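Asker: From the sequence below, what's the structure:
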Amino acid sequence: IPTAGPPATIVSTGSEVGPTASPIVRRRKGKEIMLEFDTPKKKKLQELINAQMARELEEQQEREDLRINEHIAKDAEVARIHAEEEIQGMIDSLDKSNET
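Answerer: Residues are numbered from 1 along each chain as shown. Just a heads-up that it's a prediction; the model follows:
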C-alpha cells in the first residue's frame, strides 16, 4: 500500500552520456597530479539536486504557511467567541439594571 511521504531524492547513476571536461593537471618533478575533474555530468547532477531541494523547501514552506494560517483562523474564532460572550454579559447586566 503506497503511503504519502516526502518525495524521493533524485540520484544520478552516472550512466548519462555527454561531453566530458579535461582534467586540470599540475606537474611536479615530471609527475602529473590530478587536482580537479569537473564534468558537465557533475554540474547537471548538482542542478538536479538543487532543483529537488528547492521543491522540497517550497513544499515545506507551504505546509508551514498553511499551519500558521490555520492557527490564526483558530485564534480569531476564539477571540470572536470571547467577544460575543463579553457582549452578551454586558447585555444581561443592562437588562438586570433596567428591571430594577
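Asker: where are the low-confidence patches of the chain?
Answerer: The chain contains residues with pLDDT under 70 at 1-39, 100.
Asker: now the helices: where do they sit in it?
Answerer: 40-99 (DSSP state H).
Asker: tell me the contacts of M53?
Answerer: Contacts for M53 were tallied using Cβ atoms under 8 Å, 6 or more residues apart in numbering; there are none. C-beta coordinates here come from the backbone N, C-alpha and C atoms, glycine included.
Asker: Would you mind measuring from it to L45?
Answerer: Here M53 is placed at a distance of 13 Å from L45 (Cβ to Cβ, to the nearest Å).
Asker: what does I72 give?
Answerer: 41 Å.
Asker: Look at those two and report which has more neighbours.
Answerer: More crowded of I72 and L45, by other Cβ atoms under 10 Å: L45, with 16 against 10.
Asker: Using CSV, list the CA coordinates for stretch 80-98.
Answerer: The C-alpha coordinates for stretch 80-98 follow below in CSV (Å, rounded to 0.1, in the frame of the first residue of the first chain):
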residue,chain,number,x,y,z
ARG,A,80,-14.8,36.2,18.3
ILE,A,81,-16.4,33.8,20.8
HIS,A,82,-14.9,35.6,23.8
ALA,A,83,-16.2,39.0,22.4
GLU,A,84,-19.7,37.6,21.9
GLU,A,85,-19.7,36.3,25.5
GLU,A,86,-18.5,39.6,26.8
ILE,A,87,-21.1,41.5,24.8
GLN,A,88,-23.8,39.1,26.0
GLY,A,89,-22.7,39.6,29.6
MET,A,90,-23.0,43.4,29.2
ILE,A,91,-26.5,43.0,27.7
ASP,A,92,-27.5,40.7,30.5
SER,A,93,-26.1,43.2,33.0
LEU,A,94,-28.0,46.1,31.4
ASP,A,95,-31.2,44.0,31.3
LYS,A,96,-30.9,43.3,35.1
SER,A,97,-30.3,47.0,35.9
ASN,A,98,-33.3,48.0,33.7
